[in-house]
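Peer 1: Just to be clear, the model below is a prediction. Sequence and coordinates:
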Amino acid sequence: MKLKQVLKSLFVVAASAATLGLSGCAAMYVDGNQPETKTSEFRKPAQPPAVQLAFEFQTKGAPNARATDFLKAKVKSQVQESGLFSGVSDGPAANSGLLTITVNNVPLTNDAASKGFVTGLTFGLAGTTVADGYDATLSYTPPAAAGSAATRVQAKHIIHTSIGNGSPPASAIKTSGADEAVTLMLRQLLSKLLVDLSKDPGFPAGQRITNAGQAAKQL
């Protein structure tokens, strides 16, 4: 599986530019309104539960197996690093809950292909910026023995692709290309889901651990 093919499958509207042969004059930006939340801001459970992780990437609501396979290791690593769970497994495990994460890539720019085509005909003198939206849902179902209801949180993010002389939003973060753009977008998106989960009343109770709090414990 070639990296270039996988990355093309991650974007709905950016793929239009590639199809039209405009990828050489396209720049990718991650929206600047969803910065990454550091794990120090998470409310950590006093006794973190074990969890089974189920992740799926979708394109306009349909499962995208290629993108799922490419991203699932990144998702699992970030969940493990969050400190919210004692263990993260790919399959069922005794006394573990279920963490389901879905990321759906949807177009936010109407008729992106036509806009890209016009840009191509004018050799970049006319420009446009198209946007890919990412709607994410995280659901946590505790072990049956816990007797608690499932917790569900949602978050959104955007990747902008500027073609020709198009201009992205002023706050957008320029990246070196699709690989960096999707990696940054995913980290920021997951951090939002995880911090919201950690602070939800339905998630196992605990204390918010900060750098200051950790330092005080060491004294």
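Peer 2: Now that the structure is in, tell me what you want to look at.
Peer 1: From N165, how far off is V182?
Peer 2: 24 Å (Cβ to Cβ, to the nearest Å). For the C-beta atoms, the positions are set from N, CA and C on the backbone; glycine is no exception.
Peer 1: Same question for E56.
Peer 2: E56 is 37 Å from N165, by Cβ to Cβ.
Peer 1: In terms of neighbours, single out the busier of the two.
Peer 2: E56 (17 against 14; other Cβ atoms under 10 Å).
Peer 1: Which strand residues bridge that one?
Peer 2: T102 (DSSP bridges).
Peer 1: How about M28?
Peer 2: Bridge pairing for M28 - DSSP bridges - gives T161.
Peer 1: How many neighbouring residues does it have?
Peer 2: 28.
Peer 1: got the contact list for it?
Peer 2: By Cβ atoms under 8 Å, 6 or more residues apart in numbering, the contact list for M28 reads 14, 159-162, 174-175, 177-178, 180-181.
Peer 1: Which strand or helix spans the most centrally placed residue in the chain?
Peer 2: Centroid-nearest residue in the chain, with Cα atoms, centre = their mean: L186, separated by 2.8 Å. Assigned by DSSP states H and E, L186 belongs to helix 178-199.
Peer 1: Tell me how far that helix lies from the chain's centre.
Peer 2: 4 Å (Cα atoms, centre = their mean, to the nearest Å).
Peer 1: Flag every buried residue along it.
Peer 2: Residues 178, 181-182, 184-198 are the ones in helix 178-199 that count as buried (16 or more other Cβ atoms under 10 Å).
Peer 1: lowest average confidence, helix or strand, in this protein?
Peer 2: The least trusted helix or strand in the chain, going by mean pLDDT, DSSP states H and E, turns out to be helix 211-218, with a mean of 39.
Peer 1: Please, where are all the strands along this structure?
Peer 2: Ranges of strands in the chain, per DSSP state E, are 26-30, 43-45, 50-59, 62-63, 87-89, 96-107, 128-141, 151-163, 173-174, 206-208.
Peer 1: that older thread, weed out the non-buried ones from the contacts of M28.
Peer 2: The buried subset of the contacts of M28 (16+ other Cβ under 10 Å) comprises 14, 159-162, 175, 178, 181.
Peer 1: In a markdown table, list these along with pLDDT and distance to A73.
Peer 2: A markdown table is the format used below for those (pLDDT from 0 to 100; distance: Cβ to Cβ, whole Å):
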| residue | pLDDT | distance to A73 |
| --- | --- | --- |
| A14 | 64 | 22 |
| I159 | 94 | 20 |
| H160 | 91 | 26 |
| T161 | 89 | 25 |
| S162 | 86 | 29 |
| T175 | 93 | 20 |
| A178 | 87 | 17 |
| A181 | 92 | 18 |
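Peer 1: which of the residues you listed sit farthest apart?
Peer 2: Of all pairs drawn from those, the one with the longest distance (Cβ to Cβ) is S162 and A178, at 13.2 Å.
Peer 1: ok, back up a step: who's in contact with the residue nearest to the centre of the chain?
Peer 2: 71, 74-75, 78, 103.
Peer 1: who wins for most neighbours among these?
Peer 2: V103 (27 neighbours).
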